[in-house]
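Peer 1: Would you be able to build a 3D model of this:
(chains A and B)
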Number of protein chains: 2
Amino acid sequence: MDIIAIDIGGTNIRSAIVRIEGDSYEIVKKVKVQTGQSPLESLVSSVDGLLYKTVCDIYAVGISVAGIVDKHTGILLKSPNIPKLEGINLRDFVSERIKDTDRFIIENDANAAAYGEAIAGAGREFDDFVLFTLGTGIGGGVVLERKLLNIPAEIGHMSINNEGLQCPCGNVGCLETVASASAIINRVVGEIQNGAETIMKRLYNGNFYKINAQDIYNSALEGDLLARNVLRDAGKGLGIGIANVVNIFMPDAVILTGGLIGAWNIYVDSAIKEAHRRAMKELISKTRILPSILGDDAGLIGIAYLVKGL
Amino acid sequence: MDIIAIDIGGTNIRSAIVRIEGDSYEIVKKVKVQTGQSPLESLVSSVDGLLYKTVCDIYAVGISVAGIVDKHTGILLKSPNIPKLEGINLRDFVSERIKDTDRFIIENDANAAAYGEAIAGAGREFDDFVLFTLGTGIGGGVVLERKLLNIPAEIGHMSINNEGLQCPCGNVGCLETVASASAIINRVVGEIQNGAETIMKRLYNGNFYKINAQDIYNSALEGDLLARNVLRDAGKGLGIGIANVVNIFMPDAVILTGGLIGAWNIYVDSAIKEAHRRAMKELISKTRILPSILGDDAGLIGIAYLVKGL
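Peer 2: Residues are numbered from 1 along each chain as shown, chains lettered A, B, ... in the order given. As a prediction, this is how the structure comes out:
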């Protein structure tokens, strides 16, 4: 059966036709556009691109989105990374633009990605795991006894530092303000503004506001002290978040995905060390911490399987 | 049917015969002893007291205990509040002392209490809720879609302050180090040692190491500034914990139980305010925060219903 899967993130919107036959799946076609400043237009152009000259028998439609959704109405209630889509009824969008169908599901993107990993990725061999999405923001999804928990799992908005930075979500000291790509970039830029020495000053002709997470990791690999310290500190923060999650859920595995896992050697290694220092030994001794397999496709695959199960 | 329910806590051990008929239950007999310095002997004397001159047809046995248990073997793996029982096989204890039965269950005490509230207490009207046990330590239990989640739910050992106090569990800045009765007492004692003015100095002929949580609440009601500030700060800490739990689980309710809810007017009120300030509006606007109904009996009733379901 062919399923239209749409994954709406803060950076990109991906649409795909996912063909599921028995236990196996195939992404038949995929269109990726930047979310940009007009996310609704980007969504339209992504879907139009997907459907253009496409012949398929659409069985169902699923949307995975970075935010909190009302699953009954299909309205995106809250999305710190795509605020312009807040209040939009995405179910109506689907029925007008793609297919008027009862076989529709909408889910938080990290939850969908967790389900994707459970069915077809790094989660296949675990009954219980927690997925962390590590990018601009930090999201989470929890699978227990091979079922996706129907909870927001906003682990990026768990406060780990009650005296910490203000988070756009309204809370203070959220994991996201310490360990996300934005947090890492903000800290580097702040330190450079305060006169810190770093090879990153040379990038972008000195316009250090353009520095991205990849630049920071590359500089760290070249031995840059500031980059190394910032990545290590952010990793420690992530480790606190992992320890909290382990003490609450006792998962068989913590699966990490998102752009930041490219910095595994420094950032994630530091997180793993801190998590082991902090979580209860009896719990974390049984927890494996490992990278996702599906990467960016996890949300598409997960939402396709979720809507197939309707 | 008659069920032997045993609730092993850091302060008391309670044994009971719980008679369940259809939807209703009755605690036929209950024996409470202090846990004390020899918890295994206290357990024996509690059970002996329960069975003495008792005529009943024991259907099953359940144990609810403050700690992390291996549910398959029956061994108590970790118990910061009753370390002397760590490593004890409580299933063997039951089969030797009470009844050799396959109808045996062992569960964390806060989880059992959550299930008790779900079946017969404040949780009856909610599909999804999180129970916080607020006493010497802080525990938790999560009920989703009317089922008890099979997780440790050690929300007291969620770090909310990465620069905070060392917790006996090995972590730093745990909710328990900020918002539990021990935390409240430690802070009051510390402030008095540092010369703070308070009417509590007069208690126990000046031996302020004997001050307990009830004394602090009473002093707060009399207007004592130190007592009020400490309770309010601890409540704020609890509010951070509640906000984190709401952002993760989006429960219909947060149910509070344990000795500290006696201080509802200051401690819990401050927690509710802080939770609303911090949690995502879209989530906490749907969450009720309310006290338990079963109180100290929740663990006994919960474990009885859990073992009945075997």
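
Peer 1: centroid residue for chain A?
Peer 2: residue A:133 (3.4 Å; CA atoms, centre = their mean).

Peer 1: Pull the residues that contact the helix or strand containing that one.
Peer 2: In this assignment (DSSP states H and E), residue A:133 forms part of strand A:129-134. For strand A:129-134, the surrounding residues in contact (CB atoms under 8 Å, 6 or more residues apart in numbering or on different chains) are A:109-110, A:113-114, A:117-118, A:123, A:138-143, A:153, A:155, A:179-181, A:238, A:241-242, A:245, A:249, A:251-261, A:292, A:298. (C-beta placed from N, C-alpha, C; glycine too.)

Peer 1: ditto for stretch A:51-65
Peer 2: Residues contacting stretch A:51-65 (CB under 8 Å, 6+ apart): A:1-9, A:17, A:28-29, A:76, A:79, A:82, A:85, A:90, A:94, A:98-99, A:101, A:103-109, A:111-113, A:299-300, A:302-304, A:306-308, A:310.

Peer 1: Mind doing that once more with 6 Å?
Peer 2: Here stretch A:51-65 makes contact (CB atoms under 6 Å, 6 or more residues apart in numbering or on different chains) with A:1-8, A:17, A:76, A:90, A:94, A:98-99, A:103-107, A:109, A:112, A:299, A:303-304, A:307.

Peer 1: Which of the residues you listed fall in helices?
Peer 2: A:90, A:94, A:109, A:112, A:299, A:303-304, A:307 (DSSP state H).

Peer 1: which of those are buried?
Peer 2: A:90, A:94, A:109, A:112, A:299, A:303-304, A:307 (16 or more other CB atoms under 10 Å in any protein chain shown).

Peer 1: host element of residue A:239?
Peer 2: helix A:225-249.

Peer 1: what's that helix in contact with?
Peer 2: By CB under 6 Å, 6+ apart, helix A:225-249 touches A:130, A:160, A:175, A:178-179, A:184, A:187-188, A:191, A:196, A:198, A:216, A:219-220, A:254, A:263, A:266-267, A:270-271, A:274-275, A:278-280, A:283-284, A:287, B:151, B:153-154, B:157-159, B:162.

Peer 1: do the same with stretch A:12-25
Peer 2: Contacts for stretch A:12-25 (CB under 6 Å, 6+ apart): A:1-3, A:5-7, A:26-35, A:42-43, A:46-47, A:50, A:56, A:300, A:304, A:308.

Peer 1: what do you get for stretch A:115-123?
Peer 2: Under CB under 6 Å, 6+ apart, the answer for stretch A:115-123 is A:129, A:131, A:143, A:148, A:255, A:290, A:292-294, A:298, A:301-302, A:305-306.

Peer 1: how about 7 Å then?
Peer 2: Stretch A:115-123 is contacted by residues A:25, A:124, A:129, A:131, A:143, A:146, A:148, A:255, A:290-294, A:298-299, A:301-302, A:305-306 when judged by CB atoms under 7 Å, 6 or more residues apart in numbering or on different chains.

Peer 1: filter those residues to the buried ones?
Peer 2: Those of those that meet the buried threshold are A:25, A:129, A:131, A:143, A:148, A:255, A:290, A:292-294, A:298-299, A:301-302, A:305-306, by 16+ other CB under 10 Å.

Peer 1: does residue A:89 really touch residue A:73, like I thought?
Peer 2: Yes: Residue A:89 lies in contact with residue A:73 (CB atoms under 7 Å); the separation is 6.5 Å.

Peer 1: ok, back up a step: quick one: buried ones out of the contacts of helix A:225-249?
Peer 2: Looks like those have A:130, A:160, A:175, A:178-179, A:184, A:187-188, A:191, A:198, A:216, A:219-220, A:254, A:263, A:266-267, A:270-271, A:274-275, A:278-280, A:283-284, A:287, B:151, B:153-154, B:157-159, B:162 buried, using 16+ other CB under 10 Å.

Peer 1: Please tell me how far residue A:187 sits from residue A:195.
Peer 2: The gap separating residue A:187 from residue A:195 is 14 Å, by CB to CB, to the nearest Å.

Peer 1: Residue A:83 - how many residues pack around it?
Peer 2: 14 (other CB atoms under 10 Å in any protein chain shown).

Peer 1: And it, how far from chain B?
Peer 2: According to CB to the nearest CB, to the nearest Å, residue A:83 and chain B sit 13 Å apart.

Peer 1: quick one: contacts of stretch A:84-100?
Peer 2: Contacts for stretch A:84-100 (CB under 7 Å, 6+ apart): A:4, A:39-40, A:47, A:58, A:61, A:63, A:65, A:73-76, A:78-79, A:104, A:106.

Peer 1: Between the two ends of it, how far is it?
Peer 2: Criterion CA to CA, to the nearest Å; first-to-last residue distance in stretch A:84-100 is 24 Å.

Peer 1: repeat for stretch A:122-141
Peer 2: Across stretch A:122-141, first to last residue, CA to CA, it's 14 Å.

Peer 1: mind checking the SS state of the nearest residue to residue A:47 once chain neighbours are set aside?
Peer 2: Closest residue to residue A:47 apart from its sequence neighbours, by CB to CB, 6 or more residues apart in numbering or on different chains: residue A:15 at 5.4 Å. Assigned by DSSP: H, G, I helix; E, B strand; the rest coil, the conformation of residue A:15 is strand.

Peer 1: can you check the one 5 residues further on too?
Peer 2: In three-state terms, and counting by three-state DSSP, residue A:20 is strand.

Peer 1: which residues in chain A form strands?
Peer 2: For chain A, applying DSSP state E gives strands covering A:2-8, A:12-21, A:24-34, A:58-65, A:68-70, A:75-78, A:104-108, A:129-134, A:138-144, A:147-148, A:253-257, A:288-291.

Peer 1: Check the offset of the second one from the chain's centre.
Peer 2: This points to strand A:12-21. Centroid separation for strand A:12-21 versus its chain: 17 Å, with CA atoms, centre = their mean, to the nearest Å.

Peer 1: Please parse chain A into its domains.
Peer 2: A:2-116+A:296-308, A:126-292 (automatic domain parsing).

Peer 1: Between the two ends of the longest one, how far is it?
Peer 2: With CA to CA as the measure, the ends of domain A:126-292 fall 13 Å from one another.

Peer 1: Check the shortest one too.
Peer 2: Across domain A:2-116+A:296-308, the terminal residues are separated by 9 Å (CA to CA).

Peer 1: Stretch A:144-156 too?
Peer 2: Stretch A:144-156: ends 19 Å apart by CA to CA.

Peer 1: Much appreciated, bye for now.
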